[in-house]
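# No letters, just coordinates:
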Ligand code: SF4
């Protein structure tokens, strides 16, 4: 769960990158960094914390260059410390690189790099991508890389690096300052690009970064391709490893900003359509209710759509406290309840005497929903139904979304046939409804990754890789 920004062809590329990074701050708050390219000289600054803290104005002013790469980090591999923050750089070949995703075969890559005399300095999985790409380029020639060389090196990177990754890098290609962008062959993680003033280009995780810069969203970084961006020129796209697209549907459900456009669709509109579909499936069960209430913030469009489709009220029933900090482990039940209320407080009259549908995006461990239902039950509603606008999360994600292990996923503890009834009992609700997998497919199409719901991983993950990722995550 990270976000990247790459910009080329702007006089003050670092300042623009800092702005664009703040638009994707929701993708990672543990660390941030910016690397600049100034006529072949490179400089990287990274630190812990959010963008404004990690890259203060006096540092930003010193990051001179016409191309820059920035990153916000939420670790799903490695730590959230400065050591594992991105971007990374090499001097031979001279290159800066950042990525979003999760490389699943780091030990295998590391062992092979070691045999070639190349060591890694961090636990961040961007570094192996950079090392492999650099290694493959140097196998072709020591300096003076052509576009053909980069295509060949990215093809080899696709073969050596497994998992999900959207990458942006700056290096010299064909004697010119060039920004290069590519995604894993299945394009699991997002990546878009856009055009700015005076021939500038940007490649970013979400379109909201382009919006904040005033750049025009031009398209998605195409699957299985590498793109070359240079100031004042049209981008060059070269096909490398064409494979079926499996875009992460959890971005649309939960992670991405609602005002972003992913794979050509506005995230807000996707959540709305999922809410409509959920309404159909919920109604088909013969349920009735008076009011639909969203668990803020992600679920709002789905809850509104559901209410509209059911022809009943939609009300704001929970107020989220944006200023509550981490609550750590509370010593007793009463303190835990207080901490929970500090984060989410119900408006009692919305629930009293009503048949309520509580809408949320997903259920992972189930602890939050149990507390929410308990809180609502104390307000004397007539009935409490829980409706989730995604299927049940039964499998962990190995592609860059932070999720607990299978043992901690509440849905994995019950068979599909009894799951909804079991969770209704566990939460103390009258019913629990998940969107069906075919329902999700009908809204989102076929070109998605839905492995956390179905267990069908588009890039196979071996048992040892799974174990390494789980161990690394626990240590993160
Ligand atoms: S497993 Fe789930 S969260 Fe992970 S990439 Fe696939 S859809 Fe996204």
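Structure's in. What do you need? Remember, predicted model here, so these are calculated numbers, not experimental data.
# Please identify the buried residues of the strand or helix carrying residue 17?
For residue 17, the host element (DSSP states H and E) is helix 13-23. Of the residues in helix 13-23, 13-18, 20-23 count as buried by neighbour count, 16 or more other Cβ atoms under 10 Å. The way it works is simple: take the backbone N, C-alpha and C, and place the C-beta from them, glycine included.
# Please report how far residue 400 lies from residue 210.
Residue 400 sits 21 Å away from residue 210, taking Cβ to Cβ, to the nearest Å as the criterion.
# Stretch 72-88 near the ligand anywhere?
No - applying Cβ under 6 Å from any ligand atom, one finds stretch 72-88 separated from the ligand by no less than 9.8 Å.
# and the end-to-end length of that stretch?
End-to-end distance of stretch 72-88: 13 Å, with Cα to Cα, to the nearest Å as the criterion.
# lowest average confidence, helix or strand, in this structure?
When each helix and strand of the chain is scored by mean pLDDT, DSSP states H and E, helix 333-343 comes last, with a mean of 71.
# Show me where the stretch 151-300 of the chain has its strands.
163-173, 176-183, 192-195, 201-204, 216-220, 225-229, 236-239, 247-248, 261-262, 265-266, 291-294 (DSSP state E, counting those that start in this stretch).
# Out of the ones you listed, which is closest to residue 5?
Nearest to residue 5 among the strands of the stretch 151-300 of the chain is strand 201-204 (5.0 Å), distances taken as Cβ to Cβ.
# other SSEs contacting the strand or helix carrying residue 150?
Element membership for residue 150 (DSSP H and E) is helix 147-160. Counting contacts by 3 or more Cβ pairs under 8 Å, 6 or more residues apart in numbering; DSSP states H and E, helix 147-160 packs against helix 126-140, strand 163-173, strand 176-183, strand 225-229, strand 236-239.
# let's go with 10 Å and repeat that
For helix 147-160, the packing partners by 3 or more Cβ pairs under 10 Å, 6 or more residues apart in numbering; DSSP states H and E come out as helix 106-115, helix 126-140, strand 163-173, strand 176-183, strand 225-229, strand 236-239.
# could you check the angle strand 163-173 makes with that helix?
Counting by axes from the mean of the first three to the mean of the last three Cα atoms, to 10 degrees, helix 147-160 lies at 160 degrees to strand 163-173.
# Name the nearest residue to the residue in the chain sticking out farthest from the centre, ignoring sequence neighbours.
Distance from the centre of the chain peaks at residue 353, with 39.1 Å (Cα atoms, centre = their mean). Using Cβ to Cβ, 6 or more residues apart in numbering and skipping the chain neighbours, the partner closest in space to residue 353 is residue 382 (6.0 Å).
# ok, now which ones touch the nearest residue to residue 362 once chain neighbours are set aside?
Using Cβ to Cβ, 6+ apart and skipping the chain neighbours, the partner closest in space to residue 362 is residue 390 (4.9 Å). Counting by Cβ atoms under 10 Å, 6 or more residues apart in numbering, residue 390 touches 249-250, 252-254, 274, 278, 302, 360-363, 434-435, 437, 439-440, 450, 452-453.
# Sticking with residue 390, tell me its helix or strand.
Using DSSP H and E, no helix or strand contains residue 390.
# If you count neighbours, what's buried in stretch 381-395?
For stretch 381-395, burial by neighbour count (16+ other Cβ under 10 Å) applies to 381, 384-395.
# Do any residues in that stretch lie close to the ligand?
No - on the criterion Cβ under 6 Å from any ligand atom, stretch 381-395 is out of touch with the ligand, staying 6.9 Å away.
# now do the same end-to-end measure for that stretch.
End-to-end distance of stretch 381-395 (Cα to Cα): 33 Å.
# for stretch 415-430, same thing?
Distance across stretch 415-430, first residue to last, is 19 Å (Cα to Cα).
# And the average pLDDT for it is what?
Averaged over stretch 415-430, pLDDT sits at 98.
# how about that stretch: buried residues?
For stretch 415-430, by 16+ other Cβ under 10 Å, it's 419-420, 422-424, 426-427, 429-430.
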